[in-house]
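Enquirer: Next input, structure requested:
(chains A and B)
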Amino acid sequence: MSQMSRRAWLGMAGAAAAAGLVGLPQLQREGRAATLTPRELIRQRNLPNVVLTTHEGEEVRFYDDLVKDKFVTINMVYTSCKATCPLTTANLVRVQKMLGDRVGRDLFMYSITLDPEHDTPEVLNTYVKTFGAGKGWKFLTGKPEDIEFLRRRLGFAWANREMDRNKDFHTGTLRYGNEPLMLWGAVPGMAEPEWVSECVLFADWPQNREKDRERIAQLKSRKASGAEGGASPTAPIAHGHGHH
Amino acid sequence: MHLLKYRLTKRQRDVLKNRQELIKAGISRRDLLKLGLMTSTGLLVEGLSVSRAFADTTTTVSRSTSQSCGSRGSSLCVISPPIQPFLDLLPTPRDGTWRIQTPTALTPAPTAAPNTAAGEGRTIAHQAFTQFPPQKFYGVTQKAGALRITSDPTIDPQNLWGFAIGTPEQNNPINVPGPLYVERYNVPILVRNYNRLPPEGQNGGFGKPSVTTHLHNGHTPSESDGNPCNFFEIGQFYDQHYPNVLAGINSTHPGTGDVQESMSTLWYHDHRVDFTAQNTYKGLAGMYLLFNDFDTGDELTGFHLPSFPQYDIPMVFNDKVIDPSTGQIFFDLFNLDGVLGDRYLVNGKVQPVLHVSPRRYRFRWLNTGPSRFYQFFLTDLTNLSATNTFWQISTDGNLTDRPYQVSSARVAVAERVDVIVDFTGKAGKTFYIENRLVQNDGQGPGDRGDIQLFGAGQGNLLLKIVVDGPVVNDNSQNPANITAFYGFPSTNVTPRVTRNFTFQNRGDWRINDKLFACEDIRFRVLKNSVEIWNWENEGSSWHHPVHMHFEEFQTLRINGNAPATSPLVQKGRKDVARLESRDTHRLFFRFRDFHGRYPIHCHNVVHEDHAMMLHLEIVDSGGDTNTRP
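Expert: So this is what the prediction gives:
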């Protein structure tokens, strides 16, 4: 598989999944309607095609435009959140830098608002600029009922109803996934950015495994040698340390 | 640093740390002001710390008793098609329907050093290979296959991942549960574990073909322990060395180990970081039995426990969902709380049947989850008001100090309970192993005081037991007459350190407000020392069965009280602490004989994957005394 182009591989995987051939004996049942393929099942259950608007004002469909055939990360935040969101977003900015030019090319990051009434595309756009989220990472809003539907289907929800109703307790979990490979996992959005990057890459196309390993090894050795950009972590508060 | 002049509260320290994180990400002061996170005097608003309020979520959650429906949180409600129960015989090792692992020649021969050139995924040498050279060699191959879980013709064979006996070349069929290992103390073994799972894209909807097999309960050197981060890929293999020695052999009881640390019933399962729940649910789990000169497997000797395999039957319980749209088992990947199934399997078959003779049997009960808690009763549907007692003889597969007569046993994910059930005088009767614990979502069975049991006969009938076998001799000992198994090792020892761990939800799963990463070693334990650990469940909604690899602990206190033996047996050597609502368990640990990295984690495998886990390292010298790592 290592020499195959990604497009050819994708085509194969897609065709195999569509035909329901998953490398295993398929039972023929008499008089039974055609069953769903697993990939289609996930799409129907968890990846609804709701209409969303990006922070750049572009209208998109969640499944068709954002997730289908793609390798993605998804999390949920809202701009007036004072607890987890700023930390998660800031951390993901570092993750985006670590993942380099993959983001926007063949890995796509999505942050969906939990507060669509307040978080219009313009508000999201300001948030994006403030945090310095780069290209390939879209912030998304939409109609409140669509956002709520999407939130539940993506599992950014708690069984404890009281907790689930309160935005303060929303989860900072980052979901990562590869839609055609049906590989989905999650990692806390506030974990060490090198670790978040490593986890996200668990869902990468298998032919990238060696490159991913090298990238992660580099990130870890940079971290170990303390060669990270940004302010010293011991800068005292009162000196209002700015960035530039 | 001039701030040291001021004594910061913990909250202020958190706020400072959070601000440093933002600075590292390049957020300017001006931005923080605009975002409303900073006042003009330069101090961050107090709210910018991950709120402790998570812990204070009230306990007044309305709990309907409607049918469990996957995970309520994600509002995903999948109901399996009906499956006719009691059609299949329970697979057991006594008749070969549950295959026992058999040795295989391994080429190239295993070496202490990893054989990278031959495709071994292991990167660390076997630390005890020369001290405990393997005497038996096994091959096991992980691959896909289709297996029937029921004879009900309306349900298709299921596309599963399982362990096949032998090397890939031998091309044996998969087994779910995996092949049963039947081993003895002081007979070290080596298992060559091959990954021949299908490539990405062919997982049937869930599962990652990158694996690491953990022998749960095993006193195993770290490099063979199936650590979540020691995964290996398709085409590779990984040699795992199981010395099968008693704890203490290189320390407190040199040369022999401490017989009071003997274990009997272990299990193995995939443990791949972030994908444990999916892979285990897909079939990658099995059991492992350890016999010795006391728990001999022959009722004529030792403790006279019912003979294996005729009268000693392991039982693996798990719950699954069959999706009507595909006809295949379904796993909810988009779930944070825990996943419940509505179809109940024992040894891989839906609600099977076991025929027994009117005599004593040993049953070894294991719950592989993913998230359900069970409470097993013996039910006679023709006499629902009767209490049918049995004898519990182990906690987490370790014999208790003596048998305890009980009317039920609660079994969380990864716990094991060995019992002796006496069918003497019951010829012609039918019993059911019934789960009566009410659980409506993946969090757990409910807050303290809110845990409910179904009435007799109204729970889930898991296994039908028909007492119509031939009358045979019973040379096993009546548990009422067994006054002792092994004693418990002494806990009257001053620990080197007492450490505190709080298991919590802050919008994600944490231990001591920190998150997991493979490379992060949270603390270092000095090999051959004693520690006391307090494990606290901060929340009320979730129950956390928390597991420490490598060593068994003894429970000193549960919420300040000595562990009870009635109505549930809490006293014993265990490796899973069932942390119910707001529980604190005080635990006594020794860490002996081997060094390396080991995890502590919640065994609600959905929590585990999201990632309620930490790593410690056992070191030959040094070690820290961090009381809240």
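Enquirer: hey, let's count contacts and neighbours off CA atoms from now on
Expert: Fine.
Enquirer: okay, which residue is most central for the chain?
Expert: Using chain A. Per C-alpha atoms, centre = their mean, the C-alpha nearest to the average position across chain A is that of residue A:73, at 1.2 Å.
Enquirer: Not quite, go with chain B.
Expert: Closest to where the C-alpha atoms of chain B average out (C-alpha atoms, centre = their mean) is residue B:414, at 2.5 Å.
Enquirer: so it sits in a strand?
Expert: No - secondary structure of residue B:414 (DSSP: H, G, I helix; E, B strand; the rest coil): coil, not part of a strand.
Enquirer: I figured it hits residue B:601, correct?
Expert: No - with contact defined as C-alpha atoms under 8 Å, residue B:414 does not count as touching residue B:601 (11.5 Å).
Enquirer: who's in contact with residue 175?
Expert: Looking at chain A here, since you left the chain open. A:73, A:74, A:75, A:184, A:185, A:186, A:187 (C-alpha atoms under 8 Å, 6 or more residues apart in numbering or on different chains).
Enquirer: nope, chain B please
Expert: B:98, B:99, B:162, B:163, B:164.
Enquirer: That one and chain A: what is the separation?
Expert: 16 Å (C-alpha to the nearest C-alpha, to the nearest Å).
Enquirer: Specify the beta-bridge partners of that residue.
Expert: Beta bridges link residue B:175 to residue B:163, judged by DSSP bridges.
Enquirer: Now do it against residue B:101, distance only.
Expert: Residue B:175 is 10 Å from residue B:101, where distance means C-alpha to C-alpha, to the nearest Å.
Enquirer: Now list whatever residues contact both of those two.
Expert: Joint contacts of residue B:175 and residue B:101 (C-alpha under 8 Å, 6+ apart) do not exist.
Enquirer: So which residues of chain A form strands?
Expert: Using DSSP state E, the strands of chain A run over A:51-54, A:59-61, A:71-77, A:108-113, A:137-142, A:173-178, A:183-188.
Enquirer: I'd like these written out as JSON lines, with mean pLDDT added.
Expert: Shown next, in JSON lines, are the strands of chain A (pLDDT from 0 to 100):
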{"stretch": "strand A:51-54", "mean pLDDT": "98"}
{"stretch": "strand A:59-61", "mean pLDDT": "98"}
{"stretch": "strand A:71-77", "mean pLDDT": "97"}
{"stretch": "strand A:108-113", "mean pLDDT": "98"}
{"stretch": "strand A:137-142", "mean pLDDT": "98"}
{"stretch": "strand A:173-178", "mean pLDDT": "96"}
{"stretch": "strand A:183-188", "mean pLDDT": "95"}
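Enquirer: Chain A contacts on the stretch 251-400 of chain B?
Expert: Counting by C-alpha under 8 Å from any C-alpha of the partner chain, the positions of the stretch 251-400 of chain B adjacent to chain A are B:274, B:275, B:325, B:326, B:327, B:333, B:334, B:335, B:336, B:337.
Enquirer: What's the PyMOL line that selects buried ones from those residues?
Expert: For the buried members of these, the matching PyMOL selection, counting by 16 or more other C-alpha atoms under 10 Å in any protein chain shown, is:
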select buried, chain B and resi 274+275+325+326+327+333+334+335+336+337
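Enquirer: can I get the residues of the stretch 251-400 of chain B next to chain A in CSV with secondary structure and pLDDT?
Expert: Below are those laid out as CSV (DSSP: H, G, I helix; E, B strand; the rest coil; pLDDT from 0 to 100):
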residue, secondary structure, pLDDT
B:274, coil, 94
B:275, coil, 95
B:325, coil, 88
B:326, coil, 90
B:327, coil, 92
B:333, coil, 89
B:334, coil, 90
B:335, coil, 80
B:336, coil, 76
B:337, coil, 75
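Enquirer: give the contact list for the closest residue to residue B:469 other than its chain neighbours.
Expert: Distances taken as C-alpha to C-alpha, 6 or more residues apart in numbering or on different chains put residue B:357 closest to residue B:469, at 4.0 Å, once the chain neighbours are dropped. For residue B:357, the contacting residues are B:423, B:427, B:467, B:468, B:469, B:470, B:471, B:472, by C-alpha under 8 Å, 6+ apart.
Enquirer: between those residues, which is nearest residue A:106?
Expert: residue B:467 (61.6 Å; C-alpha to C-alpha).
Enquirer: Now for the closest one, how many residues are close by?
Expert: 22 (other C-alpha atoms under 10 Å in any protein chain shown).
Enquirer: Please look at it and residue B:426 and confirm they touch.
Expert: Yes - between residue B:467 and residue B:426 there is a contact at 6.6 Å, judged by C-alpha under 8 Å.
Enquirer: Quickly list what's touching both of those two.
Expert: Each of residue B:358 lies in contact with both residue B:467 and residue B:426 under the rule C-alpha under 8 Å, 6+ apart.
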